[in-house]
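>>> quick one: sequence and predicted model below, then my questions.
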Amino acid sequence: MSALAQTRDPGAVAFYNGFNDQLATLPEAQQADVRAFYELNGWRPVWTPARMQALRAGAARAERHGLYPGDFFDFDAVAADRTAGEMKTTAAALDYARVLAEGRVRPEDVEELWEMSKNRVDLPAGLNDALANERLADWLEGLAPTDIGYSNLSAGYVRYRRLIRDKGGWPAFRSGANIEPGGSDSRIPALVQRLVAEGDMTADVAATATGNVYSAPIQAGVRSFQARHGLGADGRIGAGTQRSLSASAEDRARQIALNLERRRWLKREVQPERIEVNTAAAIMVYWKDGRPVHSNRVVCGSPDNQTPSLEKPFASVVANPPWYVPAGIARREILPKGPGYLASQNMYVQNGQVIQRAGPSAALGYVKFELRDSYAIFLHDTPSKAAFNLSMRQRSHGCVRVQNAVEFARLLLSPDPSLLGQFDTAQDTRETKRIQTGREIGVRLLYWTAFVDGQGRVAFREDVYNRDKKLAEALGIAVSLPTVVDDGRNVANDVGP
């Protein structure tokens, strides 16, 4: 029996009788959720003045999520609509709730391969419960991620917005000749203001910097800036640092908003033990018992061979792995070089498959971290160590090369001495051996160009995969971010995965 059939409320009956006509005034995409909500509440109007005030309070918090209330609510227009104002308010509340819970756009629409666990919430039921218990604003706020990464990035967004409102951001930094430590340059005063604005230099220290001299205190601030942007922290203001300095406060705020959106896509519950790779920063973090306990630099896919956004279980460690070369790499980069090249790389062909034998110069190095059903994307060691020292470490064919990979494998296996013993023995004998971890470890490959570092500062990376650009277009956000300066042009690219 329907909720309507059980009620004798004449208001509910009257509302129900006019429901379909009012529903038809809404966009089709909103209609299913709105209908589900009123079915749950017995076809009763819900938006009293007190509840509208609670909705206004919830919408007022939109900025901390990189959102604008005006995108969802026109309170004056709704209040003036005597015919469909009730239903339009419900539709707007559900739209805002969905953005907080799941994001504004589908990740698959802006990334070529995005395969992660999405957040899913029964929003009509949640809204009905929130209104019944008079906790609408709190319910809305609880839909967004509550983890420290999102919360800190949200706080960073609010700080940048306040900086823009109160001070107009920071002075533009003009690109030009390199600025060397101890030198003099007319751009120094603008540079100092920029460093103070973002917290790389305190106002007290800035007060000691006079004139155009690039002094030691300013150099310390620049090194802090460089570290936050993943640049070589050498204090030299070269091409890469100048590109990062060219970004406006508005652009950086909008970049933070894009990354808040990416985080809202993800399921809120995560495994307490997991490996997270930020492919934009080329950094890996290992979490144990819900805490970050280890981090490494990594080399990720190049802009032409991007590492996708994936979430897969970690299956096993392979000591001294051979490399079964993907057909595309073999066809384009190996076979045309002839038999002599194959022999020099310890490769052979078997049943049409190019295989590289395990060894000290093998592309996978001394260890491979296998992921289950991962489109041939995995983590591994590499003999090519030089790229780990670069700022731009997006250089592989899509797999993730891990710095100090053997030591990291030992860390993963250390809870079970017998497994660690097997691995160490295999390393001593150079035997190829697959070792199951015996427990579930998740691996998440993420693309975050703005995040909060271990010192509580907002760190930025340039949009090497152009995913910020594509997401901004989908969201209707105008953003102009610096292009990446490749500091590894003199580092030879190898044919590893």
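Looks like it came in fine. Residues are numbered from 1 along each chain as shown.
>>> my read: residue 325 touches residue 349, true?
No: counting by CB atoms under 8 Å, residue 325 does not reach residue 349; the two are 9.6 Å apart. All C-beta atoms are positioned from the backbone trio N, CA, C, and that covers glycine.
>>> for the two, work out which one has more neighbours and name it.
residue 325 (24 against 14; other CB atoms under 10 Å).
>>> from residue 285, how far out is that one?
Between residue 325 and residue 285 the distance is 30 Å, computed by CB to CB, to the nearest Å.
>>> picking that back up, any common contacting residues for residue 325 and residue 349?
residue 355 (CB atoms under 8 Å, 6 or more residues apart in numbering).
>>> which elements pack onto the strand or helix carrying residue 101?
Residue 101 belongs to helix 85-102 when assigned by DSSP states H and E. Contacts defined by 3 or more CB pairs under 8 Å, 6 or more residues apart in numbering; DSSP states H and E place helix 85-102 against helix 19-23, helix 28-40, helix 49-59, helix 75-80, helix 123-132, helix 136-143, helix 249-264.
>>> can you list the buried residues in the shortest one?
It stands for helix 19-23. 19, 22-23 (16 or more other CB atoms under 10 Å).
>>> if you count contacts, what does that helix end up packed against?
Looks like helix 19-23 contacts helix 28-40, helix 85-102 (3+ CB pairs under 8 Å, 6+ apart).
>>> so of the ones you listed, which one's packed in deepest?
helix 85-102 (a mean of 22; mean count of other CB atoms under 10 Å).
>>> got the domain ranges for the chain?
3-144, 170-247, 325-357 (automatic domain parsing).
>>> which ones are touching residue 200?
Contacts of residue 200 by CB under 8 Å, 6+ apart are 221-222, 224-225, 228.
>>> one more time with 10 Å
Residue 200 is in contact with 192, 194, 218, 220-228, 457, counting by CB atoms under 10 Å, 6 or more residues apart in numbering.
>>> and the strands in the stretch 351-497 of the chain?
For the stretch 351-497 of the chain, the strands defined by DSSP state E, counting those that start in this stretch cover 353-356, 367-371, 379-380, 394-396, 400-402, 433-446, 450-452, 458-460.
>>> do the same with the stretch 101-250 of the chain
Going by DSSP E, counting those that start in this stretch, the stretch 101-250 of the chain shows strands at 114-115.
>>> quick one: low-confidence residue ranges for it.
Counting by pLDDT under 70, the stretch 101-250 of the chain contains no low-confidence residues.
>>> and the pLDDT at residue 13?
If you check residue 13, the pLDDT there is 66.
>>> got it, and the one 5 residues further on?
Listed pLDDT for residue 18 reads 73.
>>> hmm, it is touching residue 38, no?
No: using CB atoms under 10 Å, residue 18 makes no contact with residue 38, being 11.6 Å away.
>>> shared neighbours of these two, anything?
Common neighbours of residue 18 and residue 38, using CB under 10 Å, 6+ apart, are residue 87.
>>> contact partners for residue 477?
So, once contact is read as CB under 10 Å, 6+ apart, residue 477 ends up touching 66, 254-255, 257-258, 261, 468, 471.
>>> next one: residue 467
Residue 467 touches 107, 110-112, 114, 258, 262, 279-280, 306, 309, 447, 449, counting by CB under 10 Å, 6+ apart.
>>> among these, name the buried ones.
For these, buried by 16+ other CB under 10 Å: 107, 110-111, 114, 258, 262, 279-280, 306, 309, 447, 449.
>>> tell me the two of those residues that are most distant?
Distance extremes for the buried ones among the contacts of residue 467: the farthest pair is 258 and 306 at 16.8 Å, using CB to CB.
>>> go through the protein and flag its longest helix.
helix 148-167 (DSSP state H).
>>> distance of residue 348 from residue 333?
16 Å.
>>> what separation is there between the nearest residue to residue 281 once chain neighbours are set aside and residue 280?
Distances taken as CB to CB, 6 or more residues apart in numbering place residue 461 nearest to residue 281, at 4.9 Å, with adjacent residues excluded. In this structure, residue 461 and residue 280 are 5 Å apart, going by CB to CB.
>>> find the residues that touch each one of these two.
230, 394, 447-451, 468.
>>> of the residues you listed, closest to residue 359?
Closest to residue 359, out of all of those and judged by CB to CB, is residue 394, at 26.5 Å.
>>> show me what that closest one bridges to in the sheet.
Beta-bridge pairing for residue 394 (DSSP bridges): residue 300.
>>> right, and it touches residue 302 too?
Yes: applying CB under 10 Å as the test, residue 394 and residue 302 come out as touching, 5.4 Å apart.
>>> more neighbours, the two?
Legend: neighbour count by other CB under 10 Å for residue 394 and residue 302, higher for residue 394 (25 against 19).
>>> where's that one relative to residue 266, distance?
Residue 394 is 22 Å from residue 266, by CB to CB.
>>> quick one: contacts for residue 475?
Applying CB under 10 Å, 6+ apart, the residues near residue 475 are 66-67, 71, 103-105, 110, 254, 257-258, 261.
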